[in-house]
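got a structure for you, letters missing:
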């Protein structure tokens, strides 16, 4: 988003619980989240001027159906898709439209019912496979495992460092009534679960989830009619993975570079971040991301996590809602769920998961196709 | 787009020929269109700051792959999906980002390899079907046929009025080397082809197509470095079909309402439009749209077309490139192809299809999920 001009407020957030809901349609899931977000914002559907649907696997009609069933107001509705970061990118688009004066209040609904079984997102459909897909890298446990192995080789990280991410995630998930898993896991349970892609065991992989999220955004001026304690979407920017010969950068490639740009634009530094959400689809995600976001030095991510710094009571609380590992990861819904948790944290509404005095929140949402970094502030 | 501030220029346009290309991947198609558009714009891939991919049936990786193979610059790439209007909506998003100062130069690539056989876009995937889908309305020949029958009943339109749309489309397609069909069809051939959904015969349906389009957009200020004759994307706005009890409005519902808003924002009227593209996926599309855009009175669309007013030499030349019926309709690529033709017309580069003194062009792009109306000016 532009540096100046209209500031954008996240006025309302909502979720449908994450889990498995074979009896529900995508519209059922999306509608529930949308109604919760509009109630949270204090607005009605007639106030919404544009809709954005973040979804990946769902077919074209899904986004329209969700909004259509909320009301027949004729507002433009668009599906925005960027794999796991779909609804984060959609929120940037909504904020951009607000900044450009195109719309004044928008709603992003993220939704997914993940297909069961293996998912190869690199496959291009209608002929041909991507380079990454052909190399097996689009099978994501493999990609994350390679990053973990590299980290172990270069920096001496240990298997338990990665496993600890899942232990902490499930501890937090127990505090979140919307989480798919609300059961604790011990380090032994995580490490002894079935090996998927060494060093990643089964319980270090996010589950197959159904769920939905919704976010209502508006201009600062409009927000004044609804709240005296706005949470701002201060910056939201994206980038695409860069494959550099001789480097294993993969989806984490541009994160550090983008983080610098995001901090600059927000006029903040990594030391200012009180609470963060990162893309822990697999446990190495958190270990690598704490480094890229500048929460610790390069190579120290494993120890940083192991020592409890990303716990709710730690220096840099991360994935306070259980993250993708425990809250769940219905792809299109994940970005909006991250925004939802950060907004609740910054409002002081996170209940047993509340981080003390949280005023600056950061979101790292990565996926095949790109990453999105956002900073929210009170 | 906002009424004031930065004006947005369509700096370059490009296509991959439309047709059937089983041996080519989506990346092959998209890359060809993108390279043509960048050459047309006089820019290199390093100048592009954001990518948008309009595609519908393709899987998540497609958009990324196309841009990634053009260069590993790390720019954000997002899939924007709105059925047949995907790349038109993506162009609005790109223009909005330019207006908001987020990006200065963007490229939209639209691409599709249409699956063979029947396509039910109303089906929501993962459980449940839309209301329209359940009513059979998402099978589009049925929807357009109902609109045609209603027009015949209310306004006395005749079968040959609709058929004439296809005759004219194929006549224009013969003048377009990128068109899927470059063969003339007589009125008798169109009317005597196999009945699909009365009164729509086979040759009144757009074909199953593969193809790609690309559009480079930038701010007016940047455009000055590349051209002294810019074509502006003056307005681009969307809306969603409204189902009103007792009315058969379907996807054409909000068109007249949106057209008024678009004309107002552009400071123009229907009388100012020199050349137009409309969504003639089925022949009733053009008959209905000339009315909704104000080119003729309500109910007179059939006669308006029959009398040759939408011919290249007529009062309101429409679908000068052959339209969806003859140029072809690879869904994600269609909006960009419409922009491409209008830009070529406004630049005076349309060769044998050139409309004399074309200075204002209009685009109507409809689909399951929404419509997009755009006005381009010199």
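Happy to help now that I have it. Given the structure is predicted, the values throughout are model-derived calculations rather than measurements.

Tell me how far the one residue in the stretch 151-300 of chain A that gets nearest to chain B lies from residue A:367.
Nearest residue of the stretch 151-300 of chain A to chain B: residue A:238, at 3.5 Å (Cβ to the nearest Cβ). Heads up, the C-betas are built off the backbone N, CA and C, glycines and all. Using Cβ to Cβ, to the nearest Å, we find residue A:238 at a distance of 11 Å from residue A:367.

what does residue A:177 give?
For residue A:177, the distance to residue A:367 (Cβ to Cβ) stands at 26 Å.

More neighbours: which of these two?
residue A:367 (27 against 9; other Cβ atoms under 10 Å in any protein chain shown).

Dihedrals phi and psi, the more buried one?
Dihedral pair for residue A:367: phi -170, psi 170, per degrees, to the nearest 10.

what's it in contact with, if anything?
By Cβ atoms under 8 Å, 6 or more residues apart in numbering or on different chains, the contact list for residue A:367 reads A:82, A:83, A:84, A:85, A:86, A:251, A:279, A:331.

Please name the residues that touch the residue lying closest to residue A:273 once chain neighbours are set aside.
Leaving aside its sequence neighbours, residue A:273 sits nearest to residue A:362 (Cβ to Cβ, 6 or more residues apart in numbering or on different chains; 4.7 Å). Residue A:362 sits next to A:273, A:275, A:276, A:277, A:293, A:342, A:373, A:374, A:375, A:376 when contact means Cβ under 8 Å, 6+ apart.

hmm, try it at 10 Å
With contact taken as Cβ atoms under 10 Å, 6 or more residues apart in numbering or on different chains, residue A:362 is in contact with A:235, A:259, A:262-263, A:266, A:268, A:270, A:272-278, A:289, A:293, A:295, A:316, A:318, A:338, A:342, A:373-377.

Wondering if whatever helix or strand residue A:39 lives in reaches chain B at all.
Element membership of residue A:39, judged by DSSP states H and E, is helix A:26-41. Yes - using Cβ under 10 Å from any Cβ of the partner chain, helix A:26-41 reaches chain B at A:26, A:27, A:28, A:29.

Let me know whether the last one touches residue A:333 as I believe.
Same thing as residue A:29. Yes - between residue A:29 and residue A:333 there is a contact at 7.9 Å, judged by Cβ atoms under 10 Å.

For the two, indicate the residue with more neighbours.
Each of residue A:29 and residue A:333 has its neighbours counted (other Cβ under 10 Å); residue A:333 has more, 35 against 30.

my guess is the more buried one meets residue A:16, correct?
Yes - assessed by Cβ under 10 Å, residue A:333 is found in contact with residue A:16 at 7.9 Å.

which neighbours do these two share?
In contact with both residue A:333 and residue A:16: A:29, A:30, A:33, A:109, A:111, A:210, A:211, A:212, A:213, A:214, using Cβ under 10 Å, 6+ apart.

what's the neighbour count on the closest residue to the second one other than its chain neighbours?
Going back to what we said before, that points to residue A:30. Using Cβ to Cβ, 6+ apart and skipping residues adjacent in sequence, the residue nearest residue A:30 is residue A:66, 3.7 Å away. By the measure other Cβ under 10 Å, the count of residues near residue A:66 is 29.

follow-up on the earlier one: how close does the residue nearest to residue A:273 sit to residue A:334?
Distance, residue A:362 to residue A:334, by Cβ to Cβ: 15 Å.

Can you give the domain ranges for chain A?
When chain A is parsed with automatic domain parsing, its domains come out as A:8-115+A:209-231, A:133-204+A:235-377.

Could you list the contact residues of the stretch 251-378 of chain A toward chain B?
A:253, A:254, A:257, A:258, A:331, A:367, A:368, A:369, A:370, A:371, A:372.

Farthest pair within these?
Maximum pairwise distance in these, criterion Cβ to Cβ, is 24.4 Å, between A:257 and A:331.

For those two, work out which one has more neighbours and name it.
residue A:331 (33 against 13).

you'd agree that one is up against residue A:18?
No - using Cβ under 10 Å as the test, residue A:331 is too far from residue A:18 to be in contact (11.5 Å).

hey, what's in contact with both of the two?
A:112, A:209, A:211, A:324.

what's the spacing between stretch A:208-222 and its chain's center?
Centroid separation for stretch A:208-222 versus its chain: 12 Å, with Cα atoms, centre = their mean, to the nearest Å.

what do you get for stretch A:317-324?
Centre-to-centre, stretch A:317-324 and its host chain are 10 Å apart (Cα atoms, centre = their mean).

Spell out the residue ranges of the strands in chain A.
For chain A, the strands defined by DSSP state E occupy A:8-19, A:50-54, A:77-81, A:105-113, A:195-197, A:200-201, A:210-219, A:232-239, A:275-277, A:360-367, A:370-377.

Let me know whether the second one sits next to chain B.
Yes - with Cβ under 10 Å from any Cβ as the measure, strand A:50-54 is seen reaching chain B through A:50, A:51, A:52, A:53.

Residue A:17 and residue A:334: what is the separation?
Here residue A:17 is placed at a distance of 14 Å from residue A:334 (Cβ to Cβ).

Give me the more crowded residue out of these two.
Taking neighbours as other Cβ under 10 Å, residue A:17 and residue A:334 compare with residue A:334 leading, 34 against 18.

So out of everything in the stretch 251-378 of chain A, what residue is nearest chain B?
Distances between the stretch 251-378 of chain A and chain B by Cβ to the nearest Cβ are smallest at residue A:369, namely 4.4 Å.

That residue: what's it in contact with?
Residue A:369 neighbours (Cβ under 10 Å, 6+ apart): A:56, A:81-86, A:89, A:121-122, A:238, A:240-241, A:251, B:53, B:60-65, B:67-68, B:76-79.

Wait, residue A:84 touches residue A:140, no?
Yes - Residue A:84 is within contact range of residue A:140, at 9.1 Å (criterion: Cβ under 10 Å).
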